[in-house]
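Visitor: take a look and give me a structure for this.
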Amino acid sequence: MNSGIVFALLAGAIWGGVIVGPSLLPEFNAVLISSVRFAIYGLFSLAVALPFAARLIAKLTRADLLMLLRLSLTGNVLNYALLGASIQLSGVTAAALINGMMPVAITFLGRSDAGSLPVRKLKLPLLMIFLGIVAISLEHAASASSNVPLSSQLLGLACGFSGVLSWSWYATRNARYLRNSAFNSSEWSTLLGIVTGVVAVAFGLGALMLFPNLIPANIEHSRWMDFFWVCLFLALCGSWLANGLWNACSRRMATSLSGQMIVFETLFACVYGFVFNQRMPGLMEVIAITLLIGGVVWAARRHRVPTVKLEQPVV
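Guide: Reported below is the predicted structural model:
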């Protein structure tokens, strides 16, 4: 379990930077960002898989392929499109607040998994995590939301909640399937990347047929270069590397605990924000971070199996 926490910590450190991606490209549609990101992810995964492609194909079953298709759509392409739309429409603050529901949703969906604790035994750690994210999100809510139209906020909130449901389903189903899979974490992440790339291209082409203005016009060449570099970072670090770390985490701990690990994404996003703005956290932010860390530590301690000391035989 300790190694699983380390893998989750590293994945959260990367995803904390990924969450700000759509806000760096406000003139580009979230569907376009998601499609290009995961198309690059698929190409890179295909290149990585070529040396041992025969071994992967030999182990791949029809059930594996169907699960990869579902996971690719819900947990990657669709989820990031919804998250990006939520950030662009309602702001980073509101999107972060909605993401605070994710540990609760994952724990609830994975409550019947082997090794998972019932929700009633985790309600206090979950409450600490949720209160921490609420506190850190509301710190700047008034100033951030005043510049956003109400219609955009409502649509952004709807996208945010849909994204939480999408990724929560992905996290629980992926963890269940991976524990009994013939593939290790790296192989599964590579296969998921290849299938995600195919799904992303189909998703992007379908969206382009329905909405021909998906690709913005009159964009400077420098902004297209910014778009490419951001998508490249999102693909290689935010998808291939972070997904591999998260798969390694999922294999090593119960779903009811791995769901709490997603808060590392919020923690690192806050740290990056402090560094970028060159300031120290305020009192409310310190309280919020303390609640987040305390909730995760408390949940981890409740999952530890106590060591049973065997009685020594009487000689």
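
Visitor: and stretch 278-296, which residues are buried?
Guide: Buried residues in stretch 278-296, counting neighbours by 16 or more other Cβ atoms under 10 Å, are found at 281, 285, 287, 288, 289, 291, 292, 293, 295, 296. For every residue, glycine as well, the C-beta is placed using N, CA and C.

Visitor: and the end-to-end length of stretch 226-242?
Guide: End-to-end distance of stretch 226-242: 22 Å, with Cα to Cα, to the nearest Å as the criterion.

Visitor: what residue ranges in the stretch 201-315 of the chain score low on pLDDT?
Guide: Residues of the stretch 201-315 of the chain meeting the criterion pLDDT under 70: 254-260, 273, 276-277, 300, 302-315.

Visitor: again, only using 90
Guide: Where the stretch 201-315 of the chain drops to pLDDT under 90, the residues are 203-204, 207-222, 238-315.

Visitor: the stretch 51-200 of the chain too?
Guide: Short version for the stretch 51-200 of the chain, where the test is pLDDT under 90: 51-60, 74-161, 163-190.

Visitor: how many residues are close by residue 211?
Guide: Around residue 211 sit 12 other residues, with neighbours defined as other Cβ atoms under 10 Å.

Visitor: any idea how far it is from residue 134?
Guide: Distance, residue 211 to residue 134, by Cβ to Cβ, to the nearest Å: 35 Å.

Visitor: returning to that earlier point: ok, so of the buried residues of stretch 278-296, who is nearest residue 104?
Guide: Distance ranking of the buried residues of stretch 278-296 against residue 104, using Cβ to Cβ, places residue 295 first at 10.8 Å.

Visitor: which stretch of helix or strand covers that closest one?
Guide: Taking DSSP states H and E as the definition, one finds residue 295 inside helix 283-303.

Visitor: which residues in the stretch 201-315 of the chain form strands?
Guide: Counting by DSSP state E, counting those that start in this stretch, the stretch 201-315 of the chain forms no strands at all.

Visitor: buried set for the helix or strand hosting residue 178?
Guide: Element membership of residue 178, judged by DSSP H and E, is helix 150-179. Within helix 150-179, the residues that count as buried by 16+ other Cβ under 10 Å are 153, 156-160, 162-178.

Visitor: helices along the stretch 1-150 of the chain, start to end?
Guide: 2-18, 21-24, 30-49, 53-59, 62-71, 78-90, 92-99, 102-109, 123-138, 141-145, 150-179 (DSSP state H, counting those that start in this stretch).

Visitor: for the shortest one, output the C-alpha coordinates as PDB.
Guide: Extracted in PDB, the C-alpha atoms of helix 21-24 (Å, rounded to 0.1, in the frame of the first residue of the first chain):
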ATOM      1  CA  GLY A  21      -4.200  23.200 -19.600                       C
ATOM      2  CA  PRO A  22      -7.500  24.400 -21.000                       C
ATOM      3  CA  SER A  23      -7.200  27.700 -19.200                       C
ATOM      4  CA  LEU A  24      -4.000  28.400 -21.100                       C
END
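
Visitor: which helices and strands sit right next to it?
Guide: Applying 3 or more Cβ pairs under 8 Å, 6 or more residues apart in numbering; DSSP states H and E, we find helix 21-24 packed against helix 30-49, helix 78-90, helix 221-233.

Visitor: again with the fifth one
Guide: Applying 3+ Cβ pairs under 8 Å, 6+ apart, one finds that helix 62-71 contacts helix 150-179, helix 185-210.

Visitor: tell me the angle the first one makes with helix 185-210.
Guide: Right, the one you point to is helix 150-179. Interaxial angle of helix 150-179 relative to helix 185-210 (axes from the mean of the first three to the mean of the last three Cα atoms, to 10 degrees): 150 degrees.

Visitor: and the angle from helix 150-179 to helix 30-49?
Guide: Going by the same axes, to 10 degrees, helix 150-179 is angled at 20 degrees with respect to helix 30-49.

Visitor: cool, and the shortest one?
Guide: Using the same axes, to 10 degrees, the direction of helix 185-210 lies 140 degrees away from that of helix 30-49.

Visitor: buried ones in helix 185-210?
Guide: Buried residues in helix 185-210, counting neighbours by 16+ other Cβ under 10 Å, are found at 185, 187-201, 203-204, 207.

Visitor: got the angle between it and helix 78-90?
Guide: Following the same axes, to 10 degrees, one obtains 60 degrees for the angle between helix 185-210 and helix 78-90.

Visitor: and helix 185-210, how far out from the chain's middle?
Guide: Average the C-alpha atoms of helix 185-210, do the same for its chain, and the two points are 16 Å apart (Cα atoms, centre = their mean, to the nearest Å).

Visitor: what is it packed up against?
Guide: Using 3+ Cβ pairs under 8 Å, 6+ apart as the contact criterion, the secondary-structure elements in contact with helix 185-210 are helix 30-49, helix 53-59, helix 62-71, helix 242-252.
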